[in-house]
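> predicted model and sequence follow; I will ask about them next.
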Amino acid sequence: MSLDLDTAAPHSRHAHRAGRGAGRGRASRRPLTRLDLKFSPYLYVLPFFVLFAIFGAYPIVYTVWIALTDRSPLNATINFVGLDNFVELLTDDPQFWNAVVNTFGMFVFSTVPQLLLALLLASALNRRLRAQTFFRMAIAMPIITSTAVVALIFSMIYAREFGLANWLLDLVGIDPIDWRASRFASWFAISSMVNWRWIGYNALIYLAAMQSISKDVYEAAALDGASRRRQFWSITIPQLRPTIIFTLIISTIGGLQLFTEPLLFTSGSGGISGGSQGQFQTITMYLLDVMNQRFRWGYAGAVALVLFVLIALMSIVNYLLARRISSDK
Amino acid sequence: MTTTTLGPRPVAGAGKTRGRPHSADRLWRATPLTWFGLVFGVILSLFPFYWMIVIASRTNDAANSWPPPFLPGGRLGENIQRVLANGDANIVKGLMNSFLVSGTITIATVFFGSLAGFAFAKLRFRGKNALLLVILASMMVPIQLGVLPLYILMAKLNWLNTMPSVTVPFLIGGFGIFMMRQYAEQAVPNELIEAARVDGCSTWGVYWHVVAPALRPAAAVLGLLTFMEQWNQFFWPFVVLADPANPTVQISLRSLNSAYFADNSQIFAGTLIATLPLFVVFVLFGRQIIGGIMEGAVKS
């Protein structure tokens, strides 16, 4: 008797209530209602899975296949080449490794200061302050800018001739820097774009987590004579562990896909090569370089797969790292 | 599972400590260093916006001068007119396309996300957990992984250089479903759903009359975040919208930047136009957006 209603009830602990609706329970046995209960859930989640099958899963599977071929829009035929693309990529492609080094360099330059400064900012916002809302709005503002806008504004700040950055350096007596010429300078400039856009966002995430830590813990620690710094490292950081892992993984996924900022750092055409010596070409830029400039589609498939593996590996490494750092304290 | 509210931190904690030893009360007081750090952070955060206006309101010669200009000039209107008329950037078309694409995706994401989120939170069906896992996994996959087959697919569909190519694949994302599921789980009491069932509501009726109204606050936040994200999309449009005649606004900016002669005051007028819609959204709904970011953080 109660079975039909039970299918509808989200949790079986509510099943006893079915008895109350027993009079109408009969109605729910009509075939239409039963069909509704059985198939509606699938119907509601179907749109996602249809789109995901076509535009998500199928391209991924197809990438694996393409990576095993020499497919190119310039070739009339497609030949199966086994793992040749991967062998060439991993053992005989300095430009790819250059892109890997650049991507990781800028990833470190942007993720580490980004999360540290976000932590500091969050702990400042966690104090008793006037104008909380103003501060939060102000530090969150950068997220409304697109990566393209950020890249264009900062490209001019880092201009060689009349840039603000060089003007500031000049004020303190340092010679102007050609920000696009060297690896280190370009990494710094590009990473600062990423940092500017994301520090406030991460600070808000940390702030939310900090506010959910009970005040009593801090008060007890303060009574025991723990200094503020000590409290930060022994209470705040360990309590924030899940949040830190979350932000680390998010910025790993984002950071290793870095593309727009380095692309638009070069004005004029030819941005995809990432500087005259490729000193700031990232893996994603290299991927499009192989795909659209050299038309080696099979090879591009291999690049895409290796990029994905790198992201997955780095996420795992960061996860393990974050787990250790905070459990040591 | 704590929900975060905006505005000043509750004074209750502060009041409670008043009678206690000095050190506990001092804990949450802002020191001069706190103020200095915050004000410095705010200046760094806002300066690029200010500088965008400075350069966008100058002649290109004044923008490229030494020392750099620090005050706005009087050429804003002129620069905006020039960038709107720029035949390579097609920024008017780009703006219209971006509104169309972002708007469509936002509506679809909120609708399908709330529908699927409701199903995952409140309905029973076989394979639910496995399907939810697929959705979570899909959020971890970067678009770069499938970019090549996706590009070939778009070419076969004849969608290259058209708006469906940047719209249809993104109509529903895993994030939207997941967020709505989280919210539906706590915001819609099971009793309410059962009552609606007993009153003879079909599953759709339950969604439409009970669940959808309860999900409204979360739907608003999801809509705002989705619109912002889509408006700022760059990588995929860059791949499929190679023809500058039919761009999104971000691709228009790229066209401005790849011109042979870099006209910075015009480029900055362009960035100003491209940011303005989201600036308006932020001024109107900034509190909700920030609340959404902070709540999402606590739940995940």
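Structure received.

> domains in chain A, as residue ranges please.
The record's domain parsing of chain A by automatic domain parsing lists A:1-47, A:94-328.

> weakest of those by average pLDDT?
Note on these: lowest mean pLDDT is at domain A:1-47, with a mean of 60.

> helices along the stretch 51-200 of chain B, start to end?
Listed in chain order, the helices of the stretch 51-200 of chain B (DSSP state H, counting those that start in this stretch) span B:60-63, B:76-85, B:91-122, B:128-140, B:147-156, B:164-167, B:174-187, B:190-198.

> which strands or helices does the longest one pack on?
Read it as helix B:91-122. Of the remaining helices and strands, those touching helix B:91-122 by 3 or more Cβ pairs under 8 Å, 6 or more residues apart in numbering or on different chains; DSSP states H and E are helix A:31-52, helix B:76-85, helix B:128-140, helix B:164-167, helix B:174-187, helix B:212-231, helix B:249-257, helix B:264-299. For every residue, glycine as well, the C-beta is placed using N, CA and C.

> nearest to A:Ser212, of the helices of the stretch 51-200 of chain B?
helix B:174-187 (15.3 Å; Cβ to Cβ).

> the closest one: which residues count as buried?
The neighbour-count check on helix B:174-187 (16 or more other Cβ atoms under 10 Å in any protein chain shown) flags B:174-185 as buried.

> who's in contact with A:Ser276?
Contacts for A:Ser276 (Cβ atoms under 8 Å, 6 or more residues apart in numbering or on different chains) come out as A:Ala181.

> what is the burial count for residue 262?
You didn't say which chain, so I picked chain A. A:Pro262 has 27 neighbouring residues, counting by other Cβ atoms under 10 Å in any protein chain shown.

> not quite, I wanted chain B
Residues contacting B:Ala262 under the criterion other Cβ under 10 Å number 17.

> right, and it touches A:Thr266 too?
No - the pair B:Ala262 / A:Thr266 is not scored as a contact, 10.6 Å apart, by Cβ atoms under 8 Å.

> what about chain B, any weak spots by pLDDT?
B:1-27, B:296-300 (pLDDT under 70).

> for chain A, give me its nearest residue in it.
Proximity of chain B to chain A (Cβ to the nearest Cβ) peaks at B:Gly146, 2.9 Å away.

> before we move on, the earlier item: any chance of the buried residues of helix B:174-187 in JSON lines, plus distance to B:Phe47?
What follows is the buried residues of helix B:174-187, written out as JSON lines (distance: Cβ to Cβ, whole Å):
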{"residue": "B:Gly174", "distance to B:Phe47": "36"}
{"residue": "B:Phe175", "distance to B:Phe47": "31"}
{"residue": "B:Gly176", "distance to B:Phe47": "34"}
{"residue": "B:Ile177", "distance to B:Phe47": "38"}
{"residue": "B:Phe178", "distance to B:Phe47": "35"}
{"residue": "B:Met179", "distance to B:Phe47": "32"}
{"residue": "B:Met180", "distance to B:Phe47": "37"}
{"residue": "B:Arg181", "distance to B:Phe47": "40"}
{"residue": "B:Gln182", "distance to B:Phe47": "36"}
{"residue": "B:Tyr183", "distance to B:Phe47": "36"}
{"residue": "B:Ala184", "distance to B:Phe47": "41"}
{"residue": "B:Glu185", "distance to B:Phe47": "42"}
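
> which of these come close to chain A?
By Cβ under 8 Å from any Cβ of the partner chain, the members of those lying near chain A are B:174, B:177.

> who's in contact with the closest residue to B:Gly113 other than its chain neighbours?
Leaving aside its sequence neighbours, B:Gly113 sits nearest to B:Gly176 (Cβ to Cβ, 6 or more residues apart in numbering or on different chains; 3.1 Å). B:Gly176 sits next to B:109-110, B:112-113, B:117, B:222, B:226 when contact means Cβ under 8 Å, 6+ apart.

> which of these sit farthest apart?
B:Gly117 and B:Thr226 (13.6 Å).

> who has more neighbours, these two?
Each of B:Gly117 and B:Thr226 has its neighbours counted (other Cβ under 10 Å); B:Gly117 has more, 27 against 23.
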